[in-house]
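> Predicted model and sequence below, questions to follow.
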Amino acid sequence: MSDAPDSLIPYDEIVQEALRAVVGRVLGQVEAAGGMLPGTHHFYITFKTGAPGVDIPQRLRERFPDEMTIVLQNKFWDLKVEADRFSVGLSFNQIPSTLVIPFAAITAFVDPAVDFGLQFQAVIDHEAEPPEPAENDSPDQAGKPVVERADDGSNVVTVDFGKKK
């Protein structure tokens with residue numbers, strides 16, 4: 001069996017971009033509905049805080065220097081979705097904050113109400129600390145979903161285009 005040649009077409013980047021567009025479309029539907037989530041849907045969105053275009057308060061960047069997870073459930077406002085990013089108002093320790101997050105910075109999107117999740121490739125910084133759990137003011141912090149459940153019949157999608165050696 002021979003190794004496949006390296007592709008000159010960046011399939012992994014194309015697929016990652018398409019999957020991030022799913023997040024944009026879902027958030028756009030919530031924005032179009034006046035910021036109201038349908039039924040019991042709610043989202044956990046993990047993103048790289050140091051990625052280009054991420055705009056978060058300095059106190060949050062200091063607390064989450066690598067990666068952060070936010071919860072869009074009951075307490076969020078001013079959701080605005082653009083072609084390449086979204087912004088949202090959230091409260092952290094009862095301090096209102098506006099976050100701007102490019103879709104390219106997102107590493108995971110989970111809707112635990114329907115057991116759906118997407119994971120995205122990210123550049124791994126081996127010196128970074130593990131991310132702390134989400135701490136925006138959400139009424140339900142218990143029972144956070146585990147995104148790495150791809151083999152249990154859930155709808156979690158993980159795409160990895162690692163090269164064979």
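That came through fine.
> In the helix ranked longest in the chain, which residues are buried?
Counting by DSSP state H, the longest helix found in the chain is helix 11-32. Across helix 11-32, burial judged by 16 or more other Cβ atoms under 10 Å covers Gln16, Leu19, Arg20, Val23, Gly24, Val26, Leu27, Gly28, Val30, Glu31. In this view, the C-beta of every residue, glycine as well, is placed from N, C-alpha and C.
> Reformat those residues as a markdown table; add pLDDT and distance to Asp66.
A markdown table is the format used below for the buried residues of helix 11-32 (pLDDT from 0 to 100; distance: Cβ to Cβ, whole Å):
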| residue | pLDDT | distance to Asp66 |
| --- | --- | --- |
| Gln16 | 91 | 19 |
| Leu19 | 93 | 21 |
| Arg20 | 93 | 19 |
| Val23 | 96 | 20 |
| Gly24 | 96 | 23 |
| Val26 | 97 | 25 |
| Leu27 | 97 | 23 |
| Gly28 | 97 | 28 |
| Val30 | 97 | 27 |
| Glu31 | 97 | 28 |
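> Tell me where the chain has helices.
11-32, 58-63.
> Adding distance to Val100 as columns, could you present those helices in TSV?
Shown next, in TSV, are the helices of the chain (distance: least, Cβ to Cβ, whole Å):
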stretch	distance to Val100
helix 11-32	13
helix 58-63	12
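> To Lys80, which of those helices lies closest?
helix 11-32 (6.6 Å; Cβ to Cβ).
> Now do the closest one: everything it contacts.
Identification of contacts with helix 11-32 by Cβ atoms under 8 Å, 6 or more residues apart in numbering yields 36-37, 43, 45, 72, 79-81, 83, 86, 103-104, 106, 109, 111, 118, 120-121, 157, 159, 161.
> Which of those residues are buried, as a PyMOL select command?
Typed into PyMOL, the line below selects the buried ones among the contacts of helix 11-32, using 16+ other Cβ under 10 Å:
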select buried, resi 37+43+45+72+79+81+86+103+104+106+109+111+118+120+121
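> Filter the contacts of helix 11-32 down to just the ones in strands.
Mapping those onto strands (DSSP state E) picks out Phe43, Ile45, Leu72, Leu79, Lys80, Val81, Phe86, Ile106, Phe109, Asp111, Leu118, Val157.
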